[in-house]
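[1] Got a predicted structure here, sequence first:
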Amino acid sequence: MRERPTVRQLEYFVALAEHLNFRRAAAACYVTQPTLSAQLQALEATLGVQLFERDRRHVLPTPAGRELAVQARGALRALDDLLDAARVSGAPLTGPLRLGVIPTIGPYLLPGVLSRLRARFPELQLFVREDPTERLLELLARGELDVLLLAREAKLGDVAVLDLFRDPFLLAAPADHPLARRSRVQERDLMAERLILLEDGH
């Protein structure tokens with residue numbers, strides 16, 4: 001049976017691929033820098049591949065290192081999925097759930113929802129991250145988030161989607177504005193108007 005990398009080695013590998021700095025990667029993994037370095041050397045020996053180019057000032061992944069870092073992240077995600085599936089099969093909605101939510105929804109929806117979730121599922125450990133849509137999708141793809149709450153207009157890619165509600169747009173205008181007398185306004189009616197909008201990203 002051929003030798004396999006350890007989970008810890010894969011975690012150290014992914015950390016260094018993300019931080020590109022031994023000190024920061026070691027701190028992220030809560031180990032000393034020599035420990036991380038020794039385990040990465042052992043990993044390279046097991047794989048028979050050099051993963052990083054090192055000098056006194058820089059750490060850069062080799063072409064093989066970049067490709068294998070993607071595989072390592074996938075392997076760690078698969079292990080996390082295995083643990084989550086085992087936990088859920090014993091008791092649904094227990095353990096950690098990492099929720100990403102966009103800023104235009106979170107402050108209005110979550111205060112009422114979170115208190116009910118805590119009351120109904122006391123064993124659920126909910127972690128909430130508020131970020132723009134693109135960042136949330138990136139974290140979901142990397143396995144750092146489990147569920148997202150965002151607008152369907154975004155390009156979501158290959159993910160399971162559940163529609164929760166429709167949130168209408170409302171127009172606020174001065175009382176003497178011609179559009180204020182209408183019950184409905186079309187997008188074309190606004191083309192010549194000056195609007196106050198949130199900054200890009202919302």
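    Structure's in. What do you need?
[2] residue boundaries of the helices in this structure?
    Listed from the start of the chain, the chain has helices (DSSP state H) covering 7-19, 22-29, 33-47, 63-90, 106-120, 133-141.
[3] what is the orientation angle of the shortest one with helix 33-47?
    This means helix 22-29. 90 degrees (axes from the mean of the first three to the mean of the last three Cα atoms, to 10 degrees).
[4] next one: helix 22-29 to chain centre, how far?
    Chain-centre distance of helix 22-29: 20 Å, with Cα atoms, centre = their mean, to the nearest Å.
[5] In PDB, list the C-alpha atoms belonging to it.
    The C-alpha trace of helix 22-29 is given here as PDB (Å, rounded to 0.1, in the frame of the first residue of the first chain):
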ATOM      1  CA  PHE A  22       5.800  30.500   6.300                       C
ATOM      2  CA  ARG A  23       5.200  32.700   9.400                       C
ATOM      3  CA  ARG A  24       1.600  33.600   8.500                       C
ATOM      4  CA  ALA A  25       0.800  30.000   7.400                       C
ATOM      5  CA  ALA A  26       2.200  28.600  10.600                       C
ATOM      6  CA  ALA A  27       0.200  31.100  12.700                       C
ATOM      7  CA  ALA A  28      -3.000  30.200  10.800                       C
ATOM      8  CA  CYS A  29      -2.400  26.500  11.600                       C
END
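[6] For that helix, give me every contacting residue.
    Applying Cβ atoms under 8 Å, 6 or more residues apart in numbering, the contact partners of helix 22-29 are Glu11, Tyr12, Ala15, Leu16, Glu18, His19, Thr32, Gln33, Thr35, Leu36, Ser37, Val59. All C-beta atoms are positioned from the backbone trio N, CA, C, and that covers glycine.
[7] can you tell me how far the fourth one sits from Arg188?
    For Leu16, the distance to Arg188 under the criterion Cβ to Cβ, to the nearest Å works out to 53 Å.
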